[in-house]
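Visitor: what follows is a predicted protein model with its sequence.
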Amino acid sequence: MSDEWGVTLQDQRRATWLSTIASKICFPVWTIFTIIGIRIKEELGPNETQFAVGVGVLLCAAFWLCWAGLAQAQSPAAKRGVTFVRVHCAQCHAIDKVSPSPLKVAPPFRTLHTRYPIENLAEAFAEGIVTGHPTMPEFRLDPGQIADLLAYFRSLER
């Protein structure tokens, strides 16, 4: 069962647990920083503004790291898209955000949005992808598969 945005109860529980764990980790870190921060202030002698900016930067960084972990949760459609590309595409294309493609002529999927508007790929997937090289198989996808692939491609843009 999912809510109006397509987020399942399992995803909601996962986000709750991740945020709880993050807060349980961050609180002691902030407490320790406060204790160490007092020594830093005594030893290095920053003025109040410098110290406040330093603390603010570190707290923002800690908050951003916690938020980034929560933001990695993918929608169910993107998860189905990942499954599809692992089975059908990963032999040739890079399907993550950092790896090179196993087949040099196959573009990494993380760069597709720089070459084509992602929404324009829907028609190509429906009609069948045909390329200029013989190693690329022709794919014709149903509307559900297309929606899943587009959700996955959008997740690579972040």
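Guide: It's in. The model shown is predicted, which means the values in this text are computed figures rather than measured ones.
Visitor: show me the shaky parts of the chain.
Guide: For the chain, applying pLDDT under 70 flags the ranges 1-8, 26, 29-30, 32-41, 61-74, 132-133, 158.
Visitor: try it again with 50
Guide: 1-4, 70 (pLDDT under 50).
Visitor: how about the strands in it?
Guide: Remark: strands of the chain are absent; assignment by DSSP state E.
Visitor: okay, now the domains of it?
Guide: 9-71, 76-157 (automatic domain parsing).
Visitor: pick the most deeply packed of these.
Guide: domain 76-157 (a mean of 14; mean count of other Cβ atoms under 10 Å). (Glycine included, C-beta is placed from N, CA and C.)
Visitor: for that domain, measure first residue to last.
Guide: Taking Cα to Cα, to the nearest Å, domain 76-157 runs 17 Å from one end to the other.
Visitor: going forward can the numbers begin at 433, since that is how I track them
Guide: Renumbered: residue one is now 433, and that last one reads domain 508-589.
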